[in-house]
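**Q** Just the structure for this:
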Amino acid sequence: TVSGCRFVARGQGDGLGGDDGGCVLVQTYRDDVLGYNSNITGLNITGNTFEGTPPGEYVAIFINHQGDAVNAGDWVTVQNNTMTGAIYQGAVTERSYTRIQNNTITRTTAAGGRGVIVMDWDARAQDNVQVTGNTLSGFEYGLRIGDSAGTQVLTNVTVNWNDITGNTTGVQVRASADGIALTNNNISGNTTAGIANTDAGTTLDATGNWFGAADGPGGQGPGTGDAVGTDVDYSPWWAADYSDDQAHALTWSWGTDDSIQAAIDAARIETSSKWLLGGNSPEEGKAWGGIVFVPAGEYRTTRPLVLH
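**A** Below is the predicted model of the structure:
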């Protein structure tokens, strides 16, 4: 465990953002370094602060690929850290079974860099990566997933309950869009795009997000919120920001320009109490509630809507 430390980037190394004087503050061993064991299963980097404005910028945490086999449940966790300043890369993982959660990562110099990166520089496969509950702001890309060539295989990558705001592009997906679930996030106030998917022809699941406007995302979407690009499934979307309401204490509102039934189904409230629906029904553990907004127009159906 690395906990309760203050890391300050002084700029003594090579430049990362274009000028000399950059540095990496925490980095795990590469699996090609002879004599060192790259197995870091159980590593927990938590409750630290990272800061500094070196001319060459800095990387806060870089989790390298692990040469030893990573088995189910062999987690590495990066959580509850605060990063500020001239951040070139905030939290980076090349490793499978990594949790990046509840960090506040804010670039305070001119927009550039990346807040969180899920990617292997040699395009090796990654599986089971969770990016949850983070605040990412001030970057060229708040979150980047996948290699530049678009060939990396990613599976079971979940991105939820994050605030991704005030970046140039909120989220960029470059590979394996069908292995990623991008749901229950606040993606708003990003100047060029909320979500860009360059994995052409592969649809990214980005349903159930807040894009900064009740009428939904702009770009390929119907609304005035953050733009989404092609190959992004954005409907149904949140009609308000519920990223701080994981307990579902509020009545959620949803918007759709696609399937009304999908929006109705999304409006259900998950609960651990099976008694809400009277015991052993097939839907036990789910209650129903919420408001669905549907744009004016003509809708055709092949079966009745189920309003629960």
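**Q** who touches the helix or strand hosting residue 59?
**A** Counting by DSSP states H and E, the element that carries residue 59 is strand 58-63. Contact with strand 58-63 is made by 7, 9, 11, 16, 22-28, 40, 45, 50, 52, 76, 78, 81, 83, 85-95, 98, 105, as judged by C-beta atoms under 8 Å, 6 or more residues apart in numbering. C-beta coordinates here come from the backbone N, C-alpha and C atoms, glycine included.
**Q** what does stretch 5-14 give?
**A** Here stretch 5-14 has contacts from 20-26, 48-58, 60, 85-86, using C-beta under 8 Å, 6+ apart.
**Q** give me the beta-bridge partners of the residue nearest to the spatial centre of the chain?
**A** Central residue of the chain (C-alpha atoms, centre = their mean): residue 159, 3.6 Å from the mean position. Taking DSSP bridges as the rule, residue 159 bridges to residue 131, residue 182.
**Q** cool, residue 116 as well?
**A** Residue 116 has these beta-bridge partners by DSSP bridges: residue 91, residue 143.
**Q** That one contacts residue 98, correct?
**A** No - here residue 116 lies out of contact with residue 98, judged by C-beta atoms under 8 Å, at a distance of 10.5 Å.
**Q** ok, now how distant is residue 117 from residue 211?
**A** 23 Å (C-beta to C-beta, to the nearest Å).
**Q** Quick check on the two: which one has the bigger neighbour count.
**A** More crowded of residue 117 and residue 211, by other C-beta atoms under 10 Å: residue 211, with 33 against 22.
**Q** ok, the more buried one - contacts?
**A** 187-188, 194, 217-218, 221, 223, 225-226, 228, 234, 237-238.
**Q** and the nearest residue to it once chain neighbours are set aside, bridged to which residues?
**A** Once flanking residues are discounted, residue 211 sits nearest to residue 225: 3.2 Å by C-beta to C-beta, 6 or more residues apart in numbering. Beta-bridge partners for residue 225, by DSSP bridges, are residue 217.
**Q** okay, now residue 225: neighbour count?
**A** By other C-beta under 10 Å, the residues close to residue 225 number 27.
**Q** again with residue 136
**A** Neighbourhood size, residue 136 [other C-beta under 10 Å]: 31.
**Q** Wait, a helix at it?
**A** No - applying DSSP: H, G, I helix; E, B strand; the rest coil, one finds residue 136 to be strand, outside a helix.
**Q** If you rank every helix and strand of this structure by mean pLDDT, what lands last?
**A** One helix or strand of the chain scores below all others by mean pLDDT, DSSP states H and E: strand 286-288, with a mean of 44.
**Q** so residue 167 makes contact with residue 115?
**A** Yes - using C-beta under 8 Å, residue 167 is in contact with residue 115, at 7.3 Å.
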